[in-house]
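Participant: sequence-free structure coming up:
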Ligand SMILES: Nc1ncnc2c1ncn2[C@@H]1O[C@H](COP(=O)(O)OP(=O)(O)OP(=O)(O)O)[C@@H](O)[C@H]1O
Ligand SMILES: [Mg+2]
């Protein structure tokens, strides 16, 4: 089932000087994916999130989230979403007081709130005034309030913006852990691509309010001939590596755990699969998996396409 | 039915939280003013208080609209998104603020005026509060109602305009206009017309314009001069405008408010 469906949605801002933040946008996000909502500044990513949350009313078109109209069915839609706004603004109270209130509003047990405070690493700062938190910790607070209430859909608007490399990695690891949880769908709006690359398996590319592409990362990779990574589980990594490296289209090989991480241009996907399943090598190969794609390259090609 | 109770519970939770964050000081000031007024009436210092009673009512209007101001900031700056994200609806959010900025303080002020009198000397409640005129002057109790109604009315209208324009300035301006400027402007207009034509009494009807908004000033104005209205008549128009503006506030929150 598709969790989020945009059907010819147009959203216009301003009266005298009109800005079309979304222009006949149609896309859908299937459930249980991690989707990247990509696009340059001012392309309409945050606007899309606000429409999903029912904060804005579309000028035309139809939006359906969990099968409902978020502008009308406010409670039943939003209760199931965790939202990290792009520029969240908090009241000047303690971390604990704020999160406790957010929990109360959703009928969540206080122990669950405590668990989430630990999960995002805010324990030490529990009784700090939010005013005194550094950016990295503010971002953790943002994640915490989004995670309270066990959301089925997470909307993260630039979750790693303004963070130092370590905090960035910690937050990314958190997102990875969440991804493993059953049944959660995550949409991340960002233009910091290398990180998204590690988690995303679905991409919506938007430019000037128009949807340029939407689809599975693997499909788009293939369509735009982008470099991509496959992970091959094998009984004999060395032997397999020495054979595969001879293929001229292979751009890189790395031995990782019990397998190989192979980088190729997706144009040669078939060739790679053919050789791996050939009688010569198939005895070593246990499993083949598409891992990820050079998102930066895809992004560039999509930008040029638009 | 369950749904309805859930809603009320959420609104109360949010109001309680807002109350714990904002404007405690202003609440306290408002209540102290109420009690002072109450004590003055008990000790028959009314002749001193009555003339400034109308001004002090208008001053409370400003105090309350200042409590509502941060709501507009929350909407413009985006705090509201965090609260709405918990499942609170736009209408419930605005209703919580209305309770904190309007309902609770008006109730508190009303009780602050009435309760001490009731406890110490109930007969004071029915004492007429103007030393100047015997014709139409409210009793202490009617005055308490009028002041509550004036607050409800002016603050609701300020709240409405602030919400629709998403501007604190609009809220303050409307409330100030209704509480201070309207009676003042009308007086000036009537005086000028009177001076120009030498015919004062005929223009007194212009004061009727303030009837839907300013019960306190209306008592002041319609207690002398060619037009006079009964105590209860004066209370009815502002009740109607207040209910009307509350409906508009909730309707705007439900159908038009984008955040
Ligand atoms: N409340 C608003 N009033 C007027 N214009 C707006 C409003 N919100 C967004 N816009 C305009 O709509 C367009 C899309 O904005 P949006 O914030 O959705 O972009 P974005 O993709 O999130 O950009 P960024 O990557 O910079 O965050 C921009 O041109 C922006 O100026
Ligand atoms: Mg944005």
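Facilitator: That came through fine. The structure presented is a predicted model; accordingly, all values stated were derived computationally and were not measured. Ligands and ions are numbered 1, 2, ... in the order given.
Participant: what's the neighbour count on residue 88?
Facilitator: Defaulting to chain A. Residue A:88: 20 surrounding residues under other CB atoms under 10 Å in any protein chain shown. Every C-beta, even on glycine, is put in place using the N, C-alpha and C of the backbone.
Participant: not quite, go with chain B.
Facilitator: Count around residue B:88 with other CB under 10 Å applied: 25.
Participant: I'd say it and residue B:14 touch.
Facilitator: Yes - in this structure, residue B:88 is within contact of residue B:14 by CB atoms under 8 Å, at 6.3 Å.
Participant: chain A contacts on chain B?
Facilitator: B:10, B:13-14, B:17, B:21, B:77-79, B:81-90, B:256, B:258-259 (CB under 8 Å from any CB of the partner chain).
Participant: least trustworthy helix or strand in chain B by mean pLDDT?
Facilitator: Each helix and strand of chain B was given a mean pLDDT (mean pLDDT, DSSP states H and E); the minimum falls on helix B:24-42 at a mean of 78.
Participant: following the chain onward from that one, which element is next?
Facilitator: Following helix B:24-42 in sequence order, the next helix or strand is helix B:46-77 (DSSP states H and E).
Participant: for that next one, the distance to its chain's centre please.
Facilitator: Distance, stretch centre to chain centre, for helix B:46-77: 8 Å (CA atoms, centre = their mean, to the nearest Å).
Participant: please see if it touches ligand 1.
Facilitator: No - Helix B:46-77 stays out of contact with ligand 1 when judged by CB under 6 Å from any ligand atom, the minimum separation being 9.7 Å.
Participant: flag every buried residue along that helix.
Facilitator: Neighbour counts over helix B:46-77 (16 or more other CB atoms under 10 Å in any protein chain shown) mark B:46, B:49-50, B:53-54, B:57-58, B:60-72, B:74-75 as buried.
Participant: any idea which helix or strand comes after it?
Facilitator: Heading C-terminal from helix B:46-77, the first helix or strand you meet, by DSSP H and E, is helix B:79-84.
Participant: on that earlier part again, got any residues that touch both of residue B:88 and residue B:14?
Facilitator: A:105, B:96 (CB atoms under 8 Å, 6 or more residues apart in numbering or on different chains).
Participant: so what's the residue of the stretch 1-150 of chain B found nearest ligand 2 closest to, chain neighbours aside?
Facilitator: Taking CB to the ion, ligand 2 has its nearest neighbour within the stretch 1-150 of chain B at residue B:78, 12.2 Å off. Nearest non-adjacent residue to residue B:78, counting by CB to CB, 6 or more residues apart in numbering or on different chains: residue A:89, 4.7 Å away.
Participant: and that neighbour, which of the three is it?
Facilitator: Look at residue A:89: counting by DSSP: H, G, I helix; E, B strand; the rest coil, its state is coil.
Participant: wait, doesn't it sit right on residue B:75?
Facilitator: No - counting by CB under 8 Å, residue A:89 does not reach residue B:75; the two are 10.8 Å apart.
Participant: now stretch A:43-50, how far from the chain's geometric center?
Facilitator: With CA atoms, centre = their mean, you get 14 Å for stretch A:43-50.
Participant: is that stretch positioned near ligand 2?
Facilitator: Yes - using CB under 5 Å from the ion, we find that stretch A:43-50 touches ligand 2 at A:45-46.
Participant: tell me the mean pLDDT for that stretch?
Facilitator: When pLDDT is averaged over stretch A:43-50, the result is 96.
Participant: that one and ligand 1, any residue contact?
Facilitator: Yes - Stretch A:43-50 is in contact with ligand 1 by CB under 6 Å from any ligand atom, via A:43-47.
Participant: nearest to residue B:115 among those?
Facilitator: residue A:46 (50.4 Å; CB to CB).
Participant: now the closest one: which helix or strand?
Facilitator: Per DSSP H and E: helix A:45-53 holds residue A:46.
Participant: tell me the buried residues in the helix or strand following that helix?
Facilitator: Using DSSP H and E, the next helix or strand after helix A:45-53 towards the C-terminus is strand A:60-65. For strand A:60-65, burial by neighbour count (16+ other CB under 10 Å) applies to A:61, A:63-65.
Participant: for chain B, just list every one of the helices.
Facilitator: For chain B, the helices defined by DSSP state H occupy B:2-21, B:24-42, B:46-77, B:79-84, B:90-98, B:104-120, B:140-165, B:168-176, B:182-197, B:215-221, B:231-255.
Participant: got it, and the stretch 101-250 of chain A?
Facilitator: Assigned helices in the stretch 101-250 of chain A, in chain order: A:110-119, A:135-147, A:165-180, A:193-199, A:217-223, A:237-244 (criterion: DSSP state H, counting those that start in this stretch).
Participant: and those, which one is worst for confidence?
Facilitator: helix A:193-199 (a mean of 79).
Participant: give me the helices and strands touching that one, please.
Facilitator: If you count contacts as 3 or more CB pairs under 8 Å, 6 or more residues apart in numbering or on different chains; DSSP states H and E, helix A:193-199 packs onto strand A:34-38, helix A:165-180, strand A:185-190, strand A:285-293, helix A:295-305.
Participant: ok, now which ones touch the residue nearest to residue A:42 when sequence neighbours are not counted?
Facilitator: Excluding the flanking residues, the one nearest residue A:42 by CB to CB, 6+ apart is residue A:208, at 7.9 Å. Counting by CB under 8 Å, 6+ apart, residue A:208 makes contact with A:20, A:23, A:42-44, A:306.
Participant: can you check residue A:85 too?
Facilitator: Contacts of residue A:85 by CB under 8 Å, 6+ apart are A:49, A:142, A:157, B:78, B:81-82.
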